[in-house]
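Asker: Pasted the sequence and its predicted model underneath.
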4 protein chains.
Amino acid sequence: MQTITPALVRQTIIKRPAESYKGTYGRIMLIGGNQNFGGAIIMAATAATYSGAGLVTVATDPINFTSLHAQLPEAMVVDYTDFEQINDLLATMDVIVIGPGLGTEAVAPTLLTQVLKTVTPKQRLVIDGSALTLLATTRQPALTGQVVLTPHQMEWQRVSGLKIADQTPAANQLAAQRLNVTAVVKAHHTTIYNGPQAWINPGGTPAMATGGMGDTLAGMVGGFLAQFDDFTNAILSAVYLHSAIADDLAQTQYVVLPHQISAQLPKYMHDYSQA
Amino acid sequence: MQTITPALVRQTIIKRPAESYKGTYGRIMLIGGNQNFGGAIIMAATAATYSGAGLVTVATDPINFTSLHAQLPEAMVVDYTDFEQINDLLATMDVIVIGPGLGTEAVAPTLLTQVLKTVTPKQRLVIDGSALTLLATTRQPALTGQVVLTPHQMEWQRVSGLKIADQTPAANQLAAQRLNVTAVVKAHHTTIYNGPQAWINPGGTPAMATGGMGDTLAGMVGGFLAQFDDFTNAILSAVYLHSAIADDLAQTQYVVLPHQISAQLPKYMHDYSQA
Amino acid sequence: MQTITPALVRQTIIKRPAESYKGTYGRIMLIGGNQNFGGAIIMAATAATYSGAGLVTVATDPINFTSLHAQLPEAMVVDYTDFEQINDLLATMDVIVIGPGLGTEAVAPTLLTQVLKTVTPKQRLVIDGSALTLLATTRQPALTGQVVLTPHQMEWQRVSGLKIADQTPAANQLAAQRLNVTAVVKAHHTTIYNGPQAWINPGGTPAMATGGMGDTLAGMVGGFLAQFDDFTNAILSAVYLHSAIADDLAQTQYVVLPHQISAQLPKYMHDYSQA
Amino acid sequence: MQTITPALVRQTIIKRPAESYKGTYGRIMLIGGNQNFGGAIIMAATAATYSGAGLVTVATDPINFTSLHAQLPEAMVVDYTDFEQINDLLATMDVIVIGPGLGTEAVAPTLLTQVLKTVTPKQRLVIDGSALTLLATTRQPALTGQVVLTPHQMEWQRVSGLKIADQTPAANQLAAQRLNVTAVVKAHHTTIYNGPQAWINPGGTPAMATGGMGDTLAGMVGGFLAQFDDFTNAILSAVYLHSAIADDLAQTQYVVLPHQISAQLPKYMHDYSQA
């Protein structure tokens, strides 16, 4: 198992080419936020936007439109029960993140099915939160292509069938290969499994142990995948920076709020983009 | 009567163990916020979240969902008239705070009754604001277990039957014992009564004399109870830090706004967690 | 005509007594904000709250509840078409501010009439914005007691009958006496008329020439009247500080946004409260 | 083709005259923001307000009222389907900005037609975003008077008929003359065409390549046109400062968020207003 290095992150977050426009940095749709968990999709979308994704669309329950726009006017919104519009938009996306605050009501498995049915090999897909539970508990199309899962250990148990005590690196690796995905298994030191390779994230602080931290990571992973070519390095860099920022903030804070990580992203990514 | 000391606070706010997750820091539900007083539950939930509670759920009038999420996406929301869902969630909570901005309309005493009926000895309960009035004016189950009341002097009069002029430390102590609660009687120097013991808070400034300050304290008490084992020390530490932060801000401010105290919590708690 | 001096402001903004509570600093209701001009009542309420008023209630169109609470959870809200609740609350207030963003639709003159009918000699009343127009164009009870008007020159023309060219200090003074009010006539250098006395405000910058600046002043006047005994000095101090803060901000800003003035109030008021 | 110089910007952003009021700095209406793209009109209105426009009104879908007011209470709002009220207000405006987040549903071409029919030679008109598409795809009155278009290259293709590869300075110049407009063609280095003259903007950074950046520019152009007499210089100065601020922020940020540019406007405009 390799440790993610700052060098890998620096190599991933390249200086932007002068001649570029917002389309260059990807179109991303984040799907989630039911009537109870709207904050989750707000935090994920904030992370994607502050990561530098070019165009961010949020598919959510309309109850969340106003609270989202009140803090993130940069994002576009669409009613996640308007399947026709969702379908049209999905076809135009580079990255799809599904799950933060999605819940498990009727609309949720339908959305997941729609995404899994229509996702193309050129598109990148992040499955997080409730969508992981749905993957384990509802009938869904097989996973193919560029798919990353971001479970915490209980969600990983549901998806992989591995009890938490059995989630050894070797077992996780086999499960990720069997599922045909990259797996980001969140823990004090998060581990990442991709085909025959495995990484451990060196950072992480208990100050991050608060609701919404995972939603922020999912949004960052999506935002990085929208911009950086190398699939694996984009994921590893998002995981690394997420905890690196938290570790720095935890030098002076007992708890780190998720939105504080997003707020730091433009500066940290700038620093890592310098040679 | 003992004075709360910084040493007690330092002893309470321990360094977080490296191997921990959001569940380690408690599930808390805050119940309150009617159609007129929604800001109160927002301020209480903000204080609980910035205190470091692991998972924060707010049960409130749906009119408050958007304003809450616009500033605190970290919290989950639930309609406080959906008694079935409330009931299911209550069973999963470590701490319940009821009262900030709750009002006294029909839904309020029903919610208080539901909480008092279902609360278990392992759960901790903070009763504040309108819920204190309801305790005095409506028929409610007896208080048992880990219960803390956070009245100002008029609310304490209603609950304890003691007129403000009669609220001597000795009388307060007896009343708290009779009510089977820990009582935080808010005043310029707040006093706390728990069984045979009593404490006085050394801090406090008239710059705190503004609406919402008590809601913020209730949220802090809840947040601290969600994380720190010793029931009494958690309460005392919340009371102490609430005024300690205000006293510092009042060095340069004529009035201290409640949300400013919450914003400082991560830094102050970090400082007190250092040996 | 006297110039308002910093000494007068220092004398007015006294150090708060240690033994005090939120009631000590006044209950204030701000009435305004229709479906188009909701921002005005938000800015006025923000100014009142950051001035240190003890308890702030906003009576407005319900469309404005969420945007208000999203930035000012400290305030309570009430539907301004619920005349019964408004009436009950009015009786409990120390200060009433009517007018910011009120508009002139049917509900507006009704509210003004209700306020003018029920206001008592112990209550203080600030009439601003649309309410000034209504005073001139609708049948309203006579003004009595502690009333302050905060017109700009066109509104003053409507209320006083004085054309802008005729608004000399002497004419303004007579008009204010005839109307039985204190008049704050806003201009580059605002003038204030109260019985036989007149003052000129030394400050003021064209960086303040932006929408909402008057709403902020109305809220400050209300907030100061809620806390400081001397009616005239409270008004003069609010006028003075409003422009003094703007003048300082204009040292580095081309335009000063109204909310920026409110944000500075706690610090400026602290400084002026020091001997 | 001339390069826009800081000297031109300094000459444009004059010191404000002491005797002035909010009317001096213009009344501006921004029209846009449908149910999906409400953030765009929020960002445009924020830019106009922070530019110093005297009175800002936003005509938008009512779904956007609350999220707008939650962050910009300084703006007034009006339902963009209330054509009668819009018509009355349009007649009072100095500047109209139409297009940010407007979309292309039925209401949109109707609004554009109404604006184009009623705009007077003394009024200034900024056409942006979806309104540019509508200009190319729906039957609309001819453009006359003080009109500026702010297309990106694809929108310019639609309006001018010039394919992106054919958008040479000479061709753009002829197209702008034929269309009877000033054209701001956005690119890494934006170019501006006005009659026989053409300018290139020296600044610009790929950190600006994010959604909402164009909405912010449209709002700035509107805000500058509301205040500064020289039509062309107002436009050139807005284009220049938009990228100058972004360039400075990009010294430490990987991506620059649109609202960050607006937040810097008061300070930058102050600096450029000094001799």
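Answerer: Alright, I've got the coordinates. Numbers count the residues shown, from 1 in each chain, chains lettered A, B, ... in the order given.

Asker: alpha carbons only for contacts and neighbour counts from here, please
Answerer: OK.

Asker: Please tell me I have it right and residue A:49 contacts residue A:71.
Answerer: No: look at residue A:49 against residue A:71 with C-alpha atoms under 8 Å: they stay out of range, at 11.6 Å.

Asker: Of those two, give the one with the bigger neighbour count.
Answerer: Using other C-alpha atoms under 10 Å in any protein chain shown, the more surrounded residue of residue A:49 and residue A:71 is residue A:49, with 29 against 21.

Asker: give me the element the more buried one is part of.
Answerer: Taking DSSP states H and E as the definition, residue A:49 sits inside helix A:38-51.

Asker: I'd like to know which elements that helix is packed against.
Answerer: strand A:27-31, strand A:55-60, helix A:213-227, helix A:258-273 (3 or more C-alpha pairs under 8 Å, 6 or more residues apart in numbering or on different chains; DSSP states H and E).

Asker: switch to 7 Å and redo it
Answerer: The helices and strands touching helix A:38-51, judged by 3 or more C-alpha pairs under 7 Å, 6 or more residues apart in numbering or on different chains; DSSP states H and E, are helix A:213-227, helix A:258-273.

Asker: So which of the ones you listed is the most surrounded?
Answerer: Among these, ranked by average contacts under mean count of other C-alpha atoms under 10 Å in any protein chain shown, first place goes to helix A:213-227 (a mean of 30).

Asker: Can you identify the element that follows it toward the C-terminus?
Answerer: Next element after helix A:213-227 (DSSP H and E): helix A:231-249.

Asker: Show me what that following helix is in contact with.
Answerer: A:4, A:9, A:12, A:201, A:203-205, A:208, A:217, A:220-221, A:224-225, A:228, A:256, A:261 (C-alpha atoms under 7 Å, 6 or more residues apart in numbering or on different chains).

Asker: quick one on the thing from earlier: do you know which of the helices and strands packed on helix A:38-51 lies nearest chain C?
Answerer: The closest of those to chain C is helix A:258-273. By C-alpha to the nearest C-alpha, the value is 16.3 Å.

Asker: what about that closest one and chain B, touching?
Answerer: No: remark: helix A:258-273 sits outside contact range of chain B, by C-alpha under 7 Å from any C-alpha of the partner chain, the gap being at least 7.6 Å.

Asker: okay, now the nearest residue to residue A:195 once chain neighbours are set aside: neighbour count?
Answerer: Spatial nearest neighbour of residue A:195, excluding adjacent residues (C-alpha to C-alpha, 6 or more residues apart in numbering or on different chains): residue A:177 at 5.5 Å. Residue A:177 has 16 neighbours, counted by other C-alpha under 10 Å.

Asker: Can you check the pLDDT for residue A:22?
Answerer: Looking at residue A:22, its pLDDT stands at 87.

Asker: Provide a list of residues in contact with it.
Answerer: Contact analysis of residue A:22 by C-alpha under 7 Å, 6+ apart lists A:54-55, D:209-211.

Asker: Flag every residue of chain A that's near chain B.
Answerer: A:36-37, A:39-40, A:42-43, A:66-68, A:70-71, A:188, A:205-206, A:209-212, A:252-255.

Asker: Spatially central residue in chain A, please.
Answerer: The centroid of chain A falls nearest to residue A:218 when counting by C-alpha atoms, centre = their mean (2.0 Å).

Asker: show me the contacts for the closest residue in space to that one that isn't next to it in sequence.
Answerer: Among residues not flanking residue A:218 along the chain, residue A:44 sits closest, at 6.2 Å (C-alpha to C-alpha, 6+ apart). Shown in contact with residue A:44 (C-alpha under 7 Å, 6+ apart): A:215-216, A:218-219.

Asker: Let's see that with 8 Å instead.
Answerer: A:30, A:100, A:215-220 (C-alpha atoms under 8 Å, 6 or more residues apart in numbering or on different chains).

Asker: okay if I get those residues as CSV plus pLDDT?
Answerer: Below are the contacts of residue A:44 laid out as CSV (pLDDT from 0 to 100):
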residue, pLDDT
A:30, 98
A:100, 98
A:215, 98
A:216, 98
A:217, 98
A:218, 98
A:219, 98
A:220, 98
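
Asker: Read off the pLDDT value for the residue of chain A found nearest chain B.
Answerer: Nearest to chain B in chain A, going by C-alpha to the nearest C-alpha, is residue A:39, at a distance of 3.8 Å. Residue A:39 is assigned 98 on the pLDDT scale.

Asker: same check, this time on residue A:74
Answerer: For residue A:74, the predicted pLDDT is 97.

Asker: just to revisit the earlier point, any idea of the pLDDT on the residue nearest to residue A:218?
Answerer: Listed pLDDT for residue A:44 reads 98.

Asker: could you measure it against residue A:100, distance?
Answerer: 7 Å (C-alpha to C-alpha, to the nearest Å).

Asker: any chance you could read off phi and psi for residue A:167?
Answerer: Main-chain torsions, residue A:167, degrees, to the nearest 10: phi -80, psi 60.

Asker: and it, what does it touch?
Answerer: Neighbours of residue A:167 in contact, by C-alpha under 8 Å, 6+ apart: residue A:157.

Asker: Residue A:230 now?
Answerer: residue A:12.

Asker: now do residue A:225
Answerer: Contacts of residue A:225 (C-alpha under 8 Å, 6+ apart): A:95, A:124, A:231, A:234-235.

Asker: re earlier: and which of the contacts of helix A:231-249 is nearest to residue D:19?
Answerer: Nearest to residue D:19 out of the contacts of helix A:231-249 is residue A:261 (C-alpha to C-alpha; 45.8 Å).

Asker: quick one: contacts for that closest one?
Answerer: For residue A:261, the contacting residues are A:47, A:216, A:242, A:245-246, by C-alpha under 8 Å, 6+ apart.

Asker: Likewise for residue A:220?
Answerer: With C-alpha under 8 Å, 6+ apart, residue A:220 has these contacts: A:44, A:47-48, A:51, A:238, A:242.

Asker: Most neighbours among those residues, which one is it?
Answerer: Neighbour max across the contacts of residue A:220 (other C-alpha under 10 Å) = residue A:44, 34 neighbours.

Asker: still on that earlier bit, how close does the residue nearest to the centre of chain A sit to residue D:263?
Answerer: Counting by C-alpha to C-alpha, the gap from residue A:218 to residue D:263 is 28 Å.

Asker: Same question for residue A:187.
Answerer: 38 Å.

Asker: next one: residue A:47
Answerer: Noted for residue A:47: a distance of 20 Å to residue D:263, by C-alpha to C-alpha.
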